[in-house]
Every structure is written in structure tokens, then in C-alpha cells.
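Q: my questions are about this predicted structure, shown below with the sequence.
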Amino acid sequence: ATSRSVFFGSVANLCSATLGAGILALPFAFYQAGLVCGMLLLLVSGWATCASIQLLVHACHLHSIATYEQVVEHVLGRSARKVVEWSILIFCIGCAVAYIIAVGDILQQILTFPMSKSTKHWSMVAVWFLAMLPLSSLRRMQSLQCASAVGITSIGILLLATTVHLIQQPDGVDFDGDDGMERTLQHHAMLTQEHGTLASLRQYMWPADNSWLSVLRACPIVF
């Protein structure tokens, strides 16, 4: 029973680390690249991820080491390890900032009363101080398995709610000044009414504006 709980806890932590809020950007990436190129980019990204993980596991098993930093130090030297550690630190700080901003935007949408800038900023500080800081202070990764499970469930509910909302009200979504996205959804609703769902989906098969620059804009999101 203990080994099974450790296994599920590790799976929950891994899924929580990989299925972050960035998954919400995938629809925009598919809009930029088109369904065909978007699926190809997703398949290539999945293959590259599997190949890199296999290389890391092989290196850890071959040299009897357990962490990514130790692999880098063993292969590239101590200086490279320091660069990787600083890169991971900067990446984690950026992710934390992005999560706090996302929390502020979500609170602004779900609360029934209007929020001023100062109220929004203080709510973001409260979320960081009451939720993110205590979780970041835990000494063992295993202690995060319950929080990871809650996070995965929350992401699933958010994705489901977003999908249902867009299906029910494709032309009534407020994007807070994002005229481009609002025009896109209104155009999609008009095509659906005039020509049916299949005809409206054809415009999304290929890159936006028929430009390969749109595919390049989608690459950082997918990879």
C-alpha cells in the first residue's frame, strides 16, 4: 500500500508539473498553426519529450546518479551545472509570476463585484502568501501529492468550463479588449450559421493568414 501511494503521488506531482496553466495556450497555438500543422507540431513535441526522457533515464542508470543537475555536471562539467541551476531558478520564478497573474485575472472574471487595481494586486499577494509560499516551503515532494491532485482536477474543470462556455456562447465572450480574438469567434459563429460546422472548420485547417510565420509563433507554445 505504501509503494502504491508513493507511485500515485509521484504521478500526481509529475502531471501537476507538466499540465500547467500553459495548456490553456494550446488553442491559440492551434489557431496560429492550423489544425494540420498544429497536430504535427504536437506529435513532434511528444516524440522529442519521450526521446529526451529516455536519454536522461539512460544517463542516470549508466552513471548511478539521480538528478538532472548531476547529469549535467557529469557530462558537461560544474560550470554547466551552475548555468542549468540558474536557468531552472529563473524559469520557476517566471512560472510563479505567470500563475499569480493568471489567478488575478481569473478572480476578476468570477467575482460578482468589480475589482479595482489595488484590490486585484492585494488578492494576488494573498494567494501567494497563503497558498503558494506554504506549498513551496515543504521539504519533501511527497507532501505535495494532495495539492498536485487538486491542481490537476482544477485544470480539468477549467478546461471543461472553457470548452462548454465557448460552445454555448461563441460570439458572446468578453476578451477585455482583445478585438482580434473576438472578431475571430464572431466570424466563426457567422460561418457556422451560414455554411455549417464543417465549412467553418476548414478555415482552421491551415496557418492563420496562410503565413508560415504563424507556425513559428506557435512553436514556443507547443514545445
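A: Perfect, thanks for sending it. Numbers count the residues shown, from 1 in each chain.

Q: residue boundaries of the helices in this protein?
A: Listed in chain order, the helices of the chain (DSSP state H) span residues 2-18, 26-63, 68-76, 78-110, 117-127, 133-136, 145-168, 179-195, 197-202, 212-222.

Q: lowest average pLDDT across these?
A: Sorting the helices of the chain by mean pLDDT places helix 179-195 lowest, at a mean of 51.

Q: nearest residue to residue 23 in space, please, no chain neighbours.
A: Using Cβ to Cβ, 6 or more residues apart in numbering and skipping the chain neighbours, the partner closest in space to residue 23 is residue 155 (6.7 Å). Just so you know, the C-beta spots here come from the backbone N, C-alpha and C atoms, and that holds for glycine as well.

Q: look up how far residue 30 lies from residue 143.
A: The spacing between residue 143 and residue 30, counted by Cβ to Cβ, to the nearest Å, is 36 Å.

Q: one more: residue 162?
A: Going from residue 162 to residue 30 by Cβ to Cβ gives 14 Å.

Q: higher neighbour count, those two?
A: Neighbour tally, residue 162 and residue 30, criterion other Cβ atoms under 10 Å: the higher count belongs to residue 30, 21 against 13.

Q: which ones are touching that one?
A: With Cβ atoms under 8 Å, 6 or more residues apart in numbering as the criterion, the residues that contact residue 30 are 38, 204, 218.

Q: again, only using 6 Å
A: With contact taken as Cβ atoms under 6 Å, 6 or more residues apart in numbering, residue 30 is in contact with residue 38.

Q: how about the one 10 residues further on?
A: With contacts taken as Cβ under 6 Å, 6+ apart, residue 40 has no neighbouring residues.

Q: one more: residue 123?
A: residue 107.

Q: run the last query once more with 8 Å
A: Residue 123 sits in contact with 103, 104, 107, 115, where contact means Cβ under 8 Å, 6+ apart.

Q: next, count neighbours for the nearest residue to the last one once chain neighbours are set aside.
A: In space, residue 115 comes closest to residue 108 once its chain neighbours are excluded; the distance is 5.2 Å by Cβ to Cβ, 6+ apart. By the other Cβ under 10 Å criterion, the neighbourhood of residue 108 contains 14 residues.

Q: residue 17 too?
A: Counted with other Cβ under 10 Å, the burial measure for residue 17 works out to 13 neighbours.

Q: what of residue 146?
A: Residue 146 is surrounded by 11 other residues when neighbours are defined as other Cβ under 10 Å.

Q: ok, residue 221 next?
A: When counting by other Cβ under 10 Å, one arrives at 19 neighbours for residue 221.

Q: can you pull the contacts of the closest residue to it other than its chain neighbours?
A: Closest residue in space to residue 221, ignoring its immediate chain neighbours: residue 29 at 4.0 Å, by Cβ to Cβ, 6+ apart. Contacts here follow Cβ under 8 Å, 6+ apart; on that basis residue 29 touches 38, 41, 218, 221, 222.

Q: tell me the one among these nearest to residue 59.
A: Nearest to residue 59 among those: residue 222, at 25.5 Å, using Cβ to Cβ.

Q: is it possible to get TSV of the contacts of residue 29 that adds distance to residue 68?
A: Putting these into TSV (distance: Cβ to Cβ, whole Å) gives the following:
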residue	distance to residue 68
38	29
41	25
218	27
221	23
222	22
